[in-house]
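*Asks:* for reference, the sequence and a predicted model appear below.
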Amino acid sequence: MPTECSAERFDFGRVEGRLVEAAFDAGLVTSDAGALLLGASDRAIDLVGRFADCFRDHRRQDLIEHTVATLIGQRVFGIALGYEDLNDHDELRHDPLMAVLSGKLEARRGDCAPVAGKSTLNRLELSRNEPSRYHKIAYDAAAIEALPATLFLEAHQRPPEQIILDLDATDDPLHGHQEGRFFHGYYDSYCYLPLYVFCGRHLLAAKLRRADIDASAGSVEEVARIVRQIRARWPFVRILLRADSGFAREALMAWCEQNRVDYLFGLARNTRLVAMIDEELAAAKTAAEQTGRPARRFKDFQWSTLDSWSQERRVVAKAEWTHGEANPRFVVTSLKRAEAGARQLYEDIYCARGDMENRIKECQLDLYADRTSAQTMRANQLRLWFAAMAYVLICALRRIGLAETTFADATCGTIRLKLLKIGALVRISCRRIKIAMASACPAAEQWGRAARHLAEAAKARASPA
């Protein structure tokens, strides 16, 4: 089919005798109209405003065009919409929907757009703990770290009887010469080793760390901070800490035992541990050979290392024979036998921690938490926090707006694709802003339901009972 192009019009042949033409002449059109749900989610939980309160603006207010709140909202909304790079905002600053989300339709100066471009946002990302001559915006790291836990607590109408905090470390590959880069043998790359803490889908901490450390480094301080904040509001909640074998360290287990926190950690196998389950492995092998299917047995016993543990602790072993070989696994826990038997402890409680890896994938793959290409660790930590806040915002959209829809368990990437990336014509008059979305949107019903639920939540927040 021949294609004829000009500067004003693109011709794409004929369909049933009619010319097919295209041109960039529709006026104010956006491809992100669904992001109105992000604005509604923010009004329901007040994330951007409280995140902005963690920053101190030392610029001359009579000379600035974009407030800190506008900059932070623009960055968080941009990440949620899939714009991982600051360069994207040189075009986004002219997008009418981004202006609506920022609450600012026109710039005060003729040479500016309603929202900021890459250079202004870059100066925000280079903020310091204290302002300097060239960095006028400073931030309070402790306040930023406390915000996700505060939002988690507010998400519950009443204190639960028990919560499970999942810890995990993951690799954040580096492709430049950033500060703190280190070659990690396990991941076979130069990387950072961020620490994440989740409670179900709720993100409680995202801590950027160098990779030349133990996986559990800094976990006692992070857990102590989070537990202290949770117990200040829920003094009687029972807390279970869950993680893989990289966190089965004396310091963390001893802290839990001293602070009424239960734990369930994977335990790296060794010859002494495997020797403890010789009989169970033999029984599993016999059963597997007879049935032709994997077999497993469980054993519950008290055990201690030769010199690194201060006391004996409960260990549960899974003696499994599969694919013609032994596959033993071990966990160490403070939970009593009367609370959970060996099989239940391993299969139902410990193995459920694998879902946390899906949450990390959402943060790093869907929301670009691994986009740590700034020169300093300070700037990269701030980037990680922006991605974390974008995750918290979409999590609120999913929890409040989509709870009774087919997207109740959708990933951040699916929510963005199906509900946020909607084309619309924007009409702005002196009395209203009309955003006319595509009539053929497949998710229109779920989108409308989410909008109503979020509006109700925002109204309830504005006028609490």
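*Replies:* Perfect, I can see it now.
*Asks:* under the pLDDT cut-off, which ranges of this structure? List them.
*Replies:* In the predicted model of the chain, residues 1-7, 464-465 satisfy pLDDT under 70.
*Asks:* per-domain residue ranges of it.
*Replies:* 29-139+376-462, 142-367 (the TED database).
*Asks:* ramachandran coordinates for Thr333?
*Replies:* phi -150, psi 160 (degrees, to the nearest 10).
*Asks:* quick one, what contacts it?
*Replies:* By CB atoms under 8 Å, 6 or more residues apart in numbering, the residues touching Thr333 are Asp262, Tyr263, Leu264, Phe265, Arg313, Arg314, Val315, Val316, Leu345. The way it works is simple: take the backbone N, C-alpha and C, and place the C-beta from them, glycine included.
*Asks:* in contact with the third one, which residues?
*Replies:* For Leu264, the contacting residues are Leu240, Leu241, Arg242, Val331, Val332, Thr333, Ser334, Leu335, Leu345, Ile349, Tyr350, by CB under 8 Å, 6+ apart.
*Asks:* surely the fourth one meets Phe265?
*Replies:* Yes - with contacts counted by CB atoms under 8 Å, Val331 reaches Phe265, the gap being 6.6 Å.
*Asks:* count the residues that sit near the nearest residue to His175 once chain neighbours are set aside.
*Replies:* Closest residue to His175 apart from its sequence neighbours, by CB to CB, 6 or more residues apart in numbering: Ser373 at 7.3 Å. Neighbourhood size, Ser373 [other CB atoms under 10 Å]: 13.
*Asks:* show me the contacts for Ser373.
*Replies:* By CB under 8 Å, 6+ apart, the neighbours of Ser373 are Leu174, His175, Gly176, Gln178, Asn380.
*Asks:* likewise Asp42?
*Replies:* Val48, Gly49, Gly73, Leu393.
*Asks:* got the residues you listed as JSON lines, with neighbour count and secondary structure columns?
*Replies:* Shown next, in JSON lines, are the contacts of Asp42 (neighbours: other CB atoms under 10 Å; DSSP: H, G, I helix; E, B strand; the rest coil):
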{"residue": "Val48", "neighbour count": "25", "secondary structure": "helix"}
{"residue": "Gly49", "neighbour count": "13", "secondary structure": "helix"}
{"residue": "Gly73", "neighbour count": "27", "secondary structure": "helix"}
{"residue": "Leu393", "neighbour count": "28", "secondary structure": "helix"}
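*Asks:* show me which of the residues you listed is closest to Ala215.
*Replies:* The closest of these to Ala215 turns out to be Leu393 (CB to CB; 28.4 Å).
*Asks:* list the contacts of that closest one.
*Replies:* Leu393 neighbours (CB under 8 Å, 6+ apart): Leu38, Ser41, Asp42, Ile45, Leu47, Val76, Ala80.
*Asks:* go on, Leu121?
*Replies:* Leu71, Gln74, Arg75, Leu86, His89.
*Asks:* max pairwise distance over the contacts of Asp42: which two?
*Replies:* Applying CB to CB across those, the maximum distance is between Gly49 and Leu393, 12.2 Å.
*Asks:* gap between Lys104 and Phe265?
*Replies:* In this view, Lys104 and Phe265 are 49 Å apart by CB to CB, to the nearest Å.
*Asks:* which residue lies farthest from the center of the protein?
*Replies:* Most distant from the centre of the chain: Gly17, at 51.1 Å, with distances by CA atoms, centre = their mean.
*Asks:* tell me where the stretch 51-200 of the chain has helices.
*Replies:* 68-80, 89-92, 96-102, 118-125, 141-154 (DSSP state H, counting those that start in this stretch).
*Asks:* nearest to Arg210, out of those?
*Replies:* helix 141-154 (16.7 Å).
*Asks:* coming back round to it: how about JSON lines for the domains of the chain, with distance to Arg9 added?
*Replies:* Shown next, in JSON lines, are the domains of the chain (distance: least, CB to CB, whole Å):
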{"stretch": "domain 29-139+376-462", "distance to Arg9": "17"}
{"stretch": "domain 142-367", "distance to Arg9": "37"}
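*Asks:* count the residues that sit near Gln344.
*Replies:* 14.
*Asks:* where does it land in three-state SS?
*Replies:* helix (DSSP: H, G, I helix; E, B strand; the rest coil).
*Asks:* who's in contact with it?
*Replies:* Gln344 neighbours (CB under 8 Å, 6+ apart): none.
*Asks:* if we go to 10 Å?
*Replies:* Neighbouring residues of Gln344 by CB atoms under 10 Å, 6 or more residues apart in numbering: Phe298, Val316, Leu335, Tyr350.
*Asks:* name the nearest residue to the second one, ignoring sequence neighbours.
*Replies:* Of all residues beyond its chain neighbours, the one nearest Val316 is Ala342 (4.6 Å), with distances taken as CB to CB, 6+ apart.
*Asks:* next one: the one you found from Glu312, what distance?
*Replies:* Taking CB to CB, one finds Ala342 at 17 Å from Glu312.
*Asks:* look up how far Phe183 lies from the nearest residue to Ala268 once chain neighbours are set aside.
*Replies:* The shortest distance from Ala268 to any non-neighbouring residue, by CB to CB, 6+ apart, is to Ser245 (4.4 Å). Look at Ser245 and Phe183: by CB to CB, they are 22 Å apart.
*Asks:* which of those two has more neighbours?
*Replies:* Set side by side, Ser245 and Phe183 show more neighbours around Ser245, with 17 against 12, by other CB under 10 Å.
*Asks:* that one and Ala169 touch, don't they?
*Replies:* No - if you go by CB atoms under 10 Å, Ser245 and Ala169 don't touch, sitting 11.5 Å apart.
*Asks:* now list whatever residues contact both of these two.
*Replies:* Listed as contacting both Ser245 and Ala169 by CB under 10 Å, 6+ apart are Ala215, Ser216.
*Asks:* hang on, the earlier thing: out of the contacts of Leu393, which two sit at the greatest distance?
*Replies:* Top of the distance list for these (CB to CB): Ile45 and Ala80, 13.5 Å.
*Asks:* between the two, tell me which one has more neighbours.
*Replies:* The neighbour count for Ile45 versus Ala80, taken as other CB under 10 Å, is higher for Ala80 (27 against 24).
*Asks:* the residue nearest to the more buried one when sequence neighbours are not counted: which element?
*Replies:* With sequence-adjacent residues excluded and distances taken as CB to CB, 6+ apart, Ala80 is closest to Ala390, at 4.4 Å. Assigned by DSSP states H and E, Ala390 falls within helix 377-396.
*Asks:* tabulate the CA atom coordinates of that helix in PDB.
*Replies:* What follows is helix 377-396 as a C-alpha-only set of coordinates in PDB (Å, rounded to 0.1, in the frame of the first residue of the first chain):
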ATOM      1  CA  MET A 377      24.700   7.300  46.600                       C
ATOM      2  CA  ARG A 378      22.800  10.200  48.200                       C
ATOM      3  CA  ALA A 379      21.100  11.100  44.800                       C
ATOM      4  CA  ASN A 380      20.500   7.400  44.000                       C
ATOM      5  CA  GLN A 381      18.800   6.900  47.400                       C
ATOM      6  CA  LEU A 382      16.500   9.800  46.700                       C
ATOM      7  CA  ARG A 383      15.700   8.200  43.300                       C
ATOM      8  CA  LEU A 384      14.900   5.000  45.100                       C
ATOM      9  CA  TRP A 385      12.600   6.900  47.500                       C
ATOM     10  CA  PHE A 386      10.700   8.500  44.500                       C
ATOM     11  CA  ALA A 387      10.200   5.000  43.000                       C
ATOM     12  CA  ALA A 388       9.100   3.700  46.400                       C
ATOM     13  CA  MET A 389       6.500   6.500  46.700                       C
ATOM     14  CA  ALA A 390       5.200   5.800  43.300                       C
ATOM     15  CA  TYR A 391       4.700   2.200  44.400                       C
ATOM     16  CA  VAL A 392       2.900   3.300  47.500                       C
ATOM     17  CA  LEU A 393       0.600   5.500  45.400                       C
ATOM     18  CA  ILE A 394      -0.300   2.700  43.000                       C
ATOM     19  CA  CYS A 395      -0.700   0.400  46.000                       C
ATOM     20  CA  ALA A 396      -3.300   2.800  47.400                       C
END
